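Undergrad: kindly return the folded structure for what I paste below:
(4 chains)
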Protein chains: 2
Amino acid sequence: MINKEEFRKKIIISAGLIFSRYGFKKTTMDEIAKALKMGKSSIYYYFESKEDIFEAVVLHEANILRTELTTAIKSVESPIDKMKNYIFVRMKSFEKLSNYYNAIFDKNLDHYDFIETIREKYDREELAILRLIIYHGQRKKVFNVINSEYTAMAIQTTLKGLEVPLFWIKKEVNIENRLDAILNVLFYGIVRK
Amino acid sequence: MINKEEFRKKIIISAGLIFSRYGFKKTTMDEIAKALKMGKSSIYYYFESKEDIFEAVVLHEANILRTELTTAIKSVESPIDKMKNYIFVRMKSFEKLSNYYNAIFDKNLDHYDFIETIREKYDREELAILRLIIYHGQRKKVFNVINSEYTAMAIQTTLKGLEVPLFWIKKEVNIENRLDAILNVLFYGIVRK
DNA sequence: ACTGCCTTCGAACAAATTGGTCGAAAAATC
DNA sequence: GATTTTTCGACCAATTTGTTCGAAGGCAGT
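TA: The predicted model follows:
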């Protein structure tokens, strides 16, 4: 009644909830299996390894985020609003992603090469989107940047820099205020006056 | 420059952060030690065991909660407001406590007897506070209950019942709305009309 | 320099946990 | 009822984990 591919997705979503809560290392195959009410070994019929599941989960999350970003960008016209929306959606996903990437950032935990690989792939995609927004802003003569490639990288670096401490600071500080602060800093050097 | 007792408190607070995030089982002595920049074995100079630390952490949290509850109750006069404040503060601590008690409620994880013991002690304390609020309400002729002991237990059961699913439902539902719903249900049988 | 005390540490270990395998049973499909 | 798809429990090797222990560092007083 439900094919293999659909069941894989079911696993991805279920495992995603656990990974997002505990990170890669602290999530066990047993937990993933029990959450799906299956035996541990049954999971291996659908995925080769724990890393395999994790990769699928992250790619799935990246897809969702990409869709959210795309619609958020398309929903407005002005380059400033596009950039604003982009950063906003991206920031909202920080917390979630931070949990996934837990294994990387938390110095207490081990370092996993394969996670870095996934991340690099994701970063390159993000860079492409940022570049497009900047191109658009240049054409509309709203942005004033010398090298759009480096500018995109600079923005990405800023966002990534926020990502890590964001994981640790108090959650009471609301996202709108943080967003304003970031936009102010970021736009001061970008927007043509 | 810093005595033993103070350092114990330092450990309690630091370990508390980790326990509250990962629960008892998923928290390792190594993590606690590294967070304090010490060797794992050094911790054993201050505490006998991991369970020992956990107990200290929970008791510390319970103390904080007790203080919060007491001031919240004292800050208002009417029994209804007292009960309202009590439930409000208690609910806000649910999430935190749920994480600690993770090991109990999460069916995927094992069952720890010693946590139950700590919990029972805490529950008895809570019951006493509830009883006092009810007495006060009766004296002021605001509450209309037959047996204050059993009523306190009934309220406690309601709160505890909420605790578990609260851990799982979406966090977007805001606490004020939930509070209203609970108060409506709870007060319907208690408040004299 | 010596003594005694408080504190930290690394090495070591037994027990438990973990990701993963395999063959057989069970369920579904033909 | 034969064949394919899916699930499962038993099992394993490797790693992790809580805990112990003796040595040693640091420090105060003598």
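Undergrad: count the residues that sit near residue A:12.
TA: The burial count assigned to residue A:12 is 21, neighbours taken as other C-beta atoms under 10 Å in any protein chain shown. Placement of C-beta: from N, CA and C, glycine included.
Undergrad: tell me who's in contact with it.
TA: A:53, A:56, A:57, A:60 (C-beta atoms under 8 Å, 6 or more residues apart in numbering or on different chains).
Undergrad: so where does it fall, helix or strand?
TA: helix A:4-26 (DSSP states H and E).
Undergrad: which bits of chain A sit near DNA strand C?
TA: A:1, A:27, A:28, A:29, A:30, A:40, A:41, A:44, A:48, A:49, A:50, A:51 (C-beta under 7 Å from any atom of the strand).
Undergrad: and with 6 Å instead?
TA: A:28, A:29, A:30, A:40, A:41, A:44, A:49, A:50, A:51 (C-beta under 6 Å from any atom of the strand).
Undergrad: closest to residue A:72 out of these?
TA: Nearest to residue A:72 among the residues of chain A next to DNA strand C, counting by C-beta to C-beta, is residue A:51 at 31.0 Å.
Undergrad: mind checking the SS state of the closest one?
TA: Following DSSP: H, G, I helix; E, B strand; the rest coil, residue A:51 is assigned to helix.
Undergrad: what's the burial count for it?
TA: Residues near residue A:51, counting by other C-beta under 10 Å: 14.
Undergrad: and the pLDDT at it?
TA: Predicted confidence (pLDDT) at residue A:51: the value is 89.
Undergrad: still on that earlier bit, now, which of the residues of chain A next to DNA strand C sits nearest residue A:148?
TA: Residue A:148 lies nearest to residue A:51 out of the residues of chain A next to DNA strand C, by C-beta to C-beta, at 35.5 Å.
Undergrad: how much space separates that closest one from residue B:88?
TA: 44 Å (C-beta to C-beta, to the nearest Å).
Undergrad: where does chain A dip in pLDDT?
TA: For chain A, applying pLDDT under 70 flags the ranges A:1-2, A:91-119, A:154, A:157-193.
Undergrad: ok so, going back, which of the residues of chain A next to DNA strand C count as buried?
TA: Buried subset of the residues of chain A next to DNA strand C (neighbour count, 16 or more other C-beta atoms under 10 Å in any protein chain shown): A:29, A:50.
Undergrad: now render the residues of chain A next to DNA strand C as a markdown table, adding distance to chain B.
TA: Below are the residues of chain A next to DNA strand C laid out as a markdown table (distance: C-beta to the nearest C-beta, whole Å):
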| residue | distance to chain B |
| --- | --- |
| A:28 | 9 |
| A:29 | 11 |
| A:30 | 7 |
| A:40 | 12 |
| A:41 | 17 |
| A:44 | 19 |
| A:49 | 20 |
| A:50 | 16 |
| A:51 | 19 |
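Undergrad: I'd like to know how far residue A:88 sits from DNA strand D.
TA: 37 Å (C-beta to the nearest atom of the strand, to the nearest Å).
Undergrad: can you verify my assumption that that residue contacts residue A:75?
TA: No. With contact defined as C-beta atoms under 8 Å, residue A:88 does not count as touching residue A:75 (11.4 Å).
Undergrad: between these two, who's got more neighbours?
TA: A side-by-side neighbour count of residue A:88 and residue A:75, using other C-beta under 10 Å, places residue A:88 first with 16 against 10.
Undergrad: what's the helix or strand for the more buried one?
TA: Per DSSP H and E: helix A:79-92 holds residue A:88.
Undergrad: what packs against that helix?
TA: helix A:50-74, helix A:113-139, helix A:148-166, helix A:175-188 (3 or more C-beta pairs under 8 Å, 6 or more residues apart in numbering or on different chains; DSSP states H and E).
Undergrad: with just CA atoms, put it into PDB.
TA: Extracted in PDB, the C-alpha atoms of helix A:79-92 (Å, rounded to 0.1, in the frame of the first residue of the first chain):
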ATOM      1  CA  PRO A  79      16.300  43.900  -4.100                       C
ATOM      2  CA  ILE A  80      16.400  45.200  -0.500                       C
ATOM      3  CA  ASP A  81      13.300  43.300   0.400                       C
ATOM      4  CA  LYS A  82      14.600  40.300  -1.400                       C
ATOM      5  CA  MET A  83      17.700  40.400   0.700                       C
ATOM      6  CA  LYS A  84      15.700  41.100   3.800                       C
ATOM      7  CA  ASN A  85      13.400  38.100   3.200                       C
ATOM      8  CA  TYR A  86      16.300  35.900   2.400                       C
ATOM      9  CA  ILE A  87      18.100  36.700   5.600                       C
ATOM     10  CA  PHE A  88      14.900  36.400   7.600                       C
ATOM     11  CA  VAL A  89      14.000  32.900   6.400                       C
ATOM     12  CA  ARG A  90      17.600  31.800   6.700                       C
ATOM     13  CA  MET A  91      17.800  33.000  10.300                       C
ATOM     14  CA  LYS A  92      14.700  31.200  11.200                       C
END
